[in-house]
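In: sequence and predicted model, in that order:
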Amino acid sequence: MSTMREVAALARVSGKTVSRVINGDRYVSDQVRARVEQAIAQLEYVPNMLSQTFRSGRDSAIGVAVPDIADGFFGAVIQSVEQCARTRGTAVIVTSLGDDPDGERPAVQALLSRQVAGLIIAPISTDQSYLTGWQARTELVFIDRPAHRITADTVIEDDFGGAATAVEHLIDRGHRRIAFIGNAAAVVTTGRRLDGYRSALSAAGLPHDPELELQYQGGAAAAVELVRSLLQHHDPATAIFSSNSQSSVAIVPELHASGHSDLAFISFGDFPMAAALRPSVTVLDQNPAKVGTAAARRLFERIDGPPDGARSQVAPDLILPVPLVIRESSGGPTHPHHPSDHHAPDQHPPDQHPPKEKT
């Protein structure tokens with residue numbers, strides 16, 4: 001691979017002049033520019049745009065760090081970020097954080113060492129103070145989960161309000177024994193959704209039953225084991241609220257296989273085939289494209305804004321709604337299917353909601 005020094009030697013100019021040509025400096029003469037461009041073409045030189053990010057003041061690349069890039073929800077977030085970045089000629093570097101909180105810091109710092117102009121991150125640990133030193137030169141926007149021990153812009157969904165709406169809907173259908181199933185690893189999002197679940201029960205005068213608040217560790221197979229135990233309970237639940245779509249994808253087939261497809265069910269997050277199943281599955285409709293677009297716009301506003309010394313204060317958290325898409329699975333205890341109630345007023349029909357997944 002050729003170097004800038006080799007380009008400069010072939011064009012008979014200094015390395016600084018080559019850099020000025022690459023950066024579009026208008027004060028380089030046409031004759032010199034032509035020689036440099038010819039040398040670049042002859043040597044097939046590829047400029048290292050990352051190393052020029054802060055020298056030129058341009059956002060040549062931004063980073064995105066999410067728990068799992070294979071997850072449908074985060075995959076869609078990344079895609080929408082890339083679409084926004086493409087309009088600016090900005091590259092997107094993506095990293096997967098996994099599910100070990102101790103792995104977050106080294107993974108993120110390895111990404112930031114690439115000199116990205118900004119970072120969009122869905123954290124998995126409970127301490128992001130390690131980013132304090134980076135904040136002076138790298139813009140930060142958190143998604144899905146707020147930052148801890150650091151102040152930064154945040155784009156999240158209405159986990160609390162969405163969960164409360166789902167449980168209120170089940171209560172309105174006559175359910176009094178409503179189970180909550182969530183992933184204990186997603187501490188922040190699961191906690192907010194559990195709070196919304198409890199709030200709806202309290203508002204209806206219903207007691208909290210710890211035996212109905214089920215949280216699992218590990219993959220969605222663990223959620224299935226919880227459901228199997230739940231179905232054997234002496235006073236079984238008549239409805240289940242699944243706090244993430246990855247759990248839902250595993251739970252729904254288990255309900256069908258065990259002959260409990262009439263058990264009322266609502267998923268936080270849509271998933272493939274949810275609308276096509278019988279009964280079709282009621283969901284809280286997350287919109288990862290909106291999350292990604294909102295986060296990218298906030299990040300680029302920061303990058304385009306004044307330097308750090310004159311930077312405006314962090315904006316309030318942007319909280320996006322998660323509307324309830326009512327389908328057949330959220331029926332009452334004695335009438336589990338209500339085809340006439342597929343959609344709540346002012347909501348879109350199921351076929352306008354593409355499949356999504358989320359941790």
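Out: Nice, I can see it.

In: state the pLDDT value of the residue lying closest to A274 once chain neighbours are set aside.
Out: In space, and not counting its chain neighbours, A274 is closest to V281: 4.1 Å by CB to CB, 6 or more residues apart in numbering. C-beta: built from backbone N, CA, C; applies to glycine. On pLDDT, V281 comes in at 97.

In: mind checking how far V281 is from G219?
Out: 20 Å (CB to CB, to the nearest Å).

In: got it, and N244?
Out: From N244 across to G219, the span is 12 Å (CB to CB).

In: let me see the mean pLDDT of stretch 37-54.
Out: 70.

In: could you pull out the buried residues of stretch 251-269?
Out: 251-252, 254-255, 261-269 (16 or more other CB atoms under 10 Å).

In: what's the span of it, first residue to last?
Out: 13 Å (CA to CA, to the nearest Å).

In: rewinding a little: among N244 and G219, which residue is more densely surrounded?
Out: Neighbours were counted for N244 and for G219 using other CB atoms under 10 Å; N244 has more, 26 against 14.

In: confidence score at that one?
Out: pLDDT, N244: 93.

In: pretty sure it sits against A185.
Out: No: checked against CB atoms under 8 Å, the pair N244 and A185 is beyond contact range at 10.2 Å.

In: can you name the residues in contact with stretch 220-227?
Out: Residues from elsewhere that reach stretch 220-227 (CB atoms under 8 Å, 6 or more residues apart in numbering): 181, 183, 214, 216, 240, 242, 246-247, 249-251, 254-255.

In: send me the helix or strand where E225 lies as PDB with only the CA atoms.
Out: According to DSSP states H and E, E225 maps onto helix 220-231. Backbone C-alpha positions of helix 220-231 (Å, rounded to 0.1, in the frame of the first residue of the first chain) are rendered in PDB as follows:
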ATOM      1  CA  ALA A 220     -34.800 -17.000  25.500                       C
ATOM      2  CA  ALA A 221     -34.900 -20.800  26.300                       C
ATOM      3  CA  ALA A 222     -34.800 -19.800  29.900                       C
ATOM      4  CA  ALA A 223     -38.000 -17.900  29.400                       C
ATOM      5  CA  VAL A 224     -39.700 -21.000  28.100                       C
ATOM      6  CA  GLU A 225     -38.700 -22.900  31.300                       C
ATOM      7  CA  LEU A 226     -40.400 -20.100  33.300                       C
ATOM      8  CA  VAL A 227     -43.500 -20.400  31.200                       C
ATOM      9  CA  ARG A 228     -43.700 -24.100  31.700                       C
ATOM     10  CA  SER A 229     -43.500 -23.700  35.500                       C
ATOM     11  CA  LEU A 230     -46.100 -20.900  35.300                       C
ATOM     12  CA  LEU A 231     -48.500 -23.200  33.500                       C
END
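
In: buried set for it?
Out: So helix 220-231, judged by 16+ other CB under 10 Å, has buried residues A220, A222, A223, V224, L226, V227, L230, L231.

In: that one: how far from the chain's middle?
Out: In terms of CA atoms, centre = their mean, to the nearest Å, the centre of helix 220-231 is set 26 Å apart from its chain centre.

In: could you identify the helix or strand that succeeds it?
Out: Remark: after helix 220-231, the chain's next helix or strand is strand 239-242, criterion DSSP H and E.

In: which other residues reach that following strand?
Out: 163, 166-167, 170, 173, 175, 177-182, 197, 223, 227, 230, 248, 251, 263-268, 330, 333.

In: filter these down to the ones in strands?
Out: Of the contacts of strand 239-242, the ones assigned to strands by DSSP state E are I178, A179, F180, I181, G182, A264, F265, I266, S267, F268.

In: now for the residues you listed, which pair is the farthest apart?
Out: The span of these, defined through CB to CB, is set by G182 and A264 at 17.3 Å.
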